[in-house]
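> no sequence for this one, just the structure:
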Ligand SMILES: Cc1cc2nc3c(=O)[nH]c(=O)nc-3n(C[C@H](O)[C@H](O)[C@H](O)COP(=O)(O)OP(=O)(O)OC[C@H]3O[C@@H](n4cnc5c(N)ncnc54)[C@H](O)[C@@H]3O)c2cc1C
Ligand code: FES
């Protein structure tokens with residue numbers, strides 16, 4: 001782990017939608033799937049981003065233009081430099097996933113950390129059982145990493161749900177939990193890994209519970225505002241846990257009571 005940002009060169013930029021781009025960066029980093037990096041633009045600031053894909057020579061980062069830093073990142077082009085420090089946090093609990101069926105569910109740019117796990121499973125295929133993948137996007141124009149999704153369809157059970165599209169021929173219509181319910185993944189000897197907005201993960205978790213998967217077999221990838229990224233500033237705390245250091249991947253039975261306490265103390269403040 002490094003605490004100092006270092007410059008790395010962008011070797012390619014792929015535009016997906018008006019607000020999402022993928023940057024391929026020459027960077028010999030070897031994070032664990034689900035870990036994150038702090039990416040910065042000098043004079044603007046830095047923000048945490050998932051290491052979406054990496055091979056020891058390059059790191060791919062999928063960026064949604066959400067504010068100050070991500071807007072500055074959006075202006076960068078091939079051959080420009082950006083700064084990276086990390087990797088940070090605890091990624092997916094790989095040891096607990098081995099010899100299990102996996103259900104991976106992602107919404108929007110939540111596909112980034114899930115991609116790092118899918119690529120790990122592709123490289124170590126024999127260590128895992130069946131893999132069920134469900135992605136949710138707004139409409140066909142907002143589907144991310146469609147080339148990789150088509151490739152994964154040949155290896156795993158993959159379904160994509162579009163919540164807003166009335167007419168879709170290539171994908172299915174509905175929220176991601178509806179798509180999952182329709183296809184009924186295996187829930188025996190299974191762990192589910194979720195990444196996306198908390199409302200989406202909440203809905204998916206209820207559906208997983210209904211299918212028979214208990215909270216201790218479900219992991220959430222959490223997002224909170226961050227500063228240091230390594231457990232020093234306290235910016236990312238959810239009660240006694242630090243999203244940057246103890247997460248960003250948490251078992252749901254661990255994070256659920258903290259989220260409930262957080263909500264009830266916010267209610268008291270109001
Ligand atoms: C572990 C982790 C991994 C992430 N991975 C990705 C990724 O792969 N791709 C990606 O596009 N984004 C990812 N994010 C979200 C990304 O960090 C934020 O969008 C980014 O920090 C926004 O910074 P900004 O300076 O551009 O926006 P700002 O100007 O700081 O804020 C713009 C708006 O976004 C809100 N916001 C900023 N950060 C967060 C946050 N963490 N959670 C909720 N709301 C926030 C602000 O309140 C504000 O309304 C990740 C976040 C975390 C914590
Ligand atoms: S970001 Fe500083 S403690 Fe988590």
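Perfect, I can see it now. In this text, all values refer to a predicted model and were calculated from it rather than measured experimentally. Ligands and ions are numbered 1, 2, ... in the order given.
> rest of the way, CA atoms for contacts and neighbours
Will do.
> Give the next helix or strand downstream of the helix or strand residue 111 falls within.
Under the criterion DSSP states H and E, the helix or strand holding residue 111 is helix 111-123. Scanning forward in sequence from helix 111-123, with DSSP H and E defining helices and strands, the next element found is strand 131-137.
> mean confidence for the very next helix or strand once past that next one?
With elements assigned by DSSP H and E, the helix or strand that comes after strand 131-137 is helix 146-153. Averaged over helix 146-153, pLDDT sits at 96.
> now do stretch 228-240
Within the predicted structure, the mean pLDDT of stretch 228-240 is 96.
> so who does the residue lying closest to residue 152 once chain neighbours are set aside touch?
The shortest distance from residue 152 to any residue other than its chain neighbours is 7.0 Å, reached at residue 158 (C-alpha to C-alpha, 6 or more residues apart in numbering). Residues in contact with residue 158, defined by C-alpha atoms under 8 Å, 6 or more residues apart in numbering, are 132-134, 149, 152.
> what are the pairing partners of the longest strand seen in the chain, and which direction each?
Of all segments of type strand in the chain, defined using DSSP state E, the longest is strand 2-17. Partners of strand 2-17 in the sheet, by DSSP bridges, are strand 20-26 (antiparallel), strand 81-88 (antiparallel).
> Off-centre distance for stretch 5-17?
Put simply, stretch 5-17 sits 18 Å off its chain's centre (C-alpha atoms, centre = their mean, to the nearest Å).
> Can you show me the helices along the protein?
Assigned by DSSP state H, the chain shows helices spanning 68-74, 94-97, 111-123, 146-153, 176-183, 198-211, 252-269.
> Give me whichever of those is most buried.
Mean neighbour count (mean count of other C-alpha atoms under 10 Å) peaks for helix 111-123 among the helices of the chain, with a mean of 21.
> re the thing from before, and the residue nearest to residue 152, bridged to which residues?
Where residue 158 sits in a bridge, its partners, by DSSP bridges, are residue 133.
> and the gap between it and ligand 2?
When C-alpha to the nearest ligand atom, to the nearest Å is applied, the distance between residue 158 and ligand 2 equals 34 Å.
> How is the protein partitioned into domains?
For the chain, the domain assignment from automatic domain parsing gives the residue ranges 2-88, 94-221.
> Quickly check: the first one near ligand 2 or not.
No - remark: domain 2-88 sits outside contact range of ligand 2, by C-alpha under 6 Å from any ligand atom, the gap being at least 9.0 Å.
> Quick one: end-to-end length of that domain, please.
Distance between the two ends of domain 2-88: 9 Å, counting by C-alpha to C-alpha, to the nearest Å.
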